[in-house]
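>>> Structural data only, the sequence is not supplied:
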């Protein structure tokens, strides 16, 4: 199973937790991680391999030429690395035909097989949307998006690399960044929404991209999704936004899954 991650050094610990969570919930699956980063060194990746210490995990470090993104808007929350996934088809080895992109602020609690094997049906991207109603219409006007295009959360996303290689014109991405750079608030999501909104296939956010905010929203009127439901049905827990379980001011209930994985890693480290 091919996995793409883009990150800087401050998320190395979270990446390790995510990898362990995938191994625990996806038995006997071989994961090939392609890590695109401007900060990580080969030593960082080799050290991570040693800590993971599992023959079912391969880690390959790839680099992206940041000079190609001069002028692209960034912030402390949205560094340059968020753009890398948009160019995955140009960076990944030719043998890769599809890949699952995951933000490092994620834990996996059930099998990824169904998501990974979902039929693209001609789409470039498969993902979940957290946006509804007025906000979706506002985004459409803001980014001049295609009619009825979904605004997906790009933290969990299947990429149709084979089709992107055949059809994507990366100059369109550069031109879009230049044209809308003063309007980009969640840059990678805005670009996919504006450029490729008609090439997106949706999956269930409660299953494949669940956050504390979404869980609270869905339980606002009727408390129909408890932690037992999440444990049995959800595949991807995404600690998106500023609310992170490794930070002191975290508020929510989904931190239990992150802490469970952390505890298992600690036990494993002690026993080695």
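Sure, I can see it. Just so it is clear, the structure is predicted and the values come from calculations on it, not from any experiment.

>>> Every contact and neighbour count from this point should use C-alpha atoms.
Will do.

>>> for the stretch 1-150 of the chain, what spans make up the helices?
12-25, 42-52, 88-91, 113-116, 133-143 (DSSP state H, counting those that start in this stretch).

>>> Minimum distance to residue 64: which of those helices has it?
Each of those has some distance to residue 64 by CA to CA; the shortest is helix 88-91, at 7.4 Å.

>>> In the protein, where's the longest strand?
For the chain, the strand that runs over the most residues, judged by DSSP state E, is strand 152-159.

>>> What pairs with that one, parallel or antiparallel?
strand 99-102 (antiparallel), strand 125-129 (antiparallel) (DSSP bridges).

>>> Could I get the ones you listed in JSON lines, plus columns for distance to residue 205, mean pLDDT and mean neighbour count?
Output for the strands paired with strand 152-159, formatted as JSON lines (distance: least, CA to CA, whole Å; pLDDT from 0 to 100; neighbours: other CA atoms under 10 Å):
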{"stretch": "strand 99-102", "distance to residue 205": "14", "mean pLDDT": "99", "mean neighbour count": "22"}
{"stretch": "strand 125-129", "distance to residue 205": "5", "mean pLDDT": "98", "mean neighbour count": "23"}
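
>>> could you redo those as a markdown table and give each row distance to residue 54?
Output for the strands paired with strand 152-159, formatted as a markdown table (distance: least, CA to CA, whole Å):
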| stretch | distance to residue 54 |
| --- | --- |
| strand 99-102 | 20 |
| strand 125-129 | 29 |
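
>>> just so I know, which of these lies nearest residue 244?
Closest to residue 244 of the strands paired with strand 152-159, according to CA to CA: strand 99-102, at 15.9 Å.

>>> contact partners of the closest one?
The contact list for strand 99-102 (CA atoms under 8 Å, 6 or more residues apart in numbering) reads 1-5, 85, 116, 155-161.

>>> wait, isn't residue 112 in contact with residue 235?
Yes. Look at residue 112 against residue 235 with CA atoms under 8 Å: they come within range, at 6.8 Å.

>>> the more surrounded of these two?
Using other CA atoms under 10 Å as the criterion, residue 112 and residue 235 rank with residue 235 on top: 25 against 18.

>>> Please report the distance of the closest residue to residue 152 other than its chain neighbours from residue 173.
Leaving out its chain neighbours, the residue that sits closest to residue 152 by CA to CA, 6 or more residues apart in numbering is residue 129, at 4.1 Å. From residue 129 over to residue 173 the distance is 21 Å, taken as CA to CA, to the nearest Å.

>>> cool, and residue 195?
For residue 195, the distance to residue 173 equals 8 Å [CA to CA].

>>> Ok, residue 63 next?
Going from residue 63 to residue 173 by CA to CA gives 19 Å.

>>> just for this structure, where's the confidence low?
For the chain, the stretches with pLDDT under 70 are 132-148, 267-272.

>>> what about the strands in it?
Applying DSSP E to the chain gives strands spanning 2-6, 31-36, 57-62, 99-102, 106-108, 125-129, 152-159, 200-202, 236-238.

>>> Now render those strands as a markdown table, adding distance to residue 220.
Formatted as a markdown table, the strands of the chain follow (distance: least, CA to CA, whole Å):
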| stretch | distance to residue 220 |
| --- | --- |
| strand 2-6 | 33 |
| strand 31-36 | 37 |
| strand 57-62 | 40 |
| strand 99-102 | 28 |
| strand 106-108 | 24 |
| strand 125-129 | 18 |
| strand 152-159 | 21 |
| strand 200-202 | 23 |
| strand 236-238 | 19 |
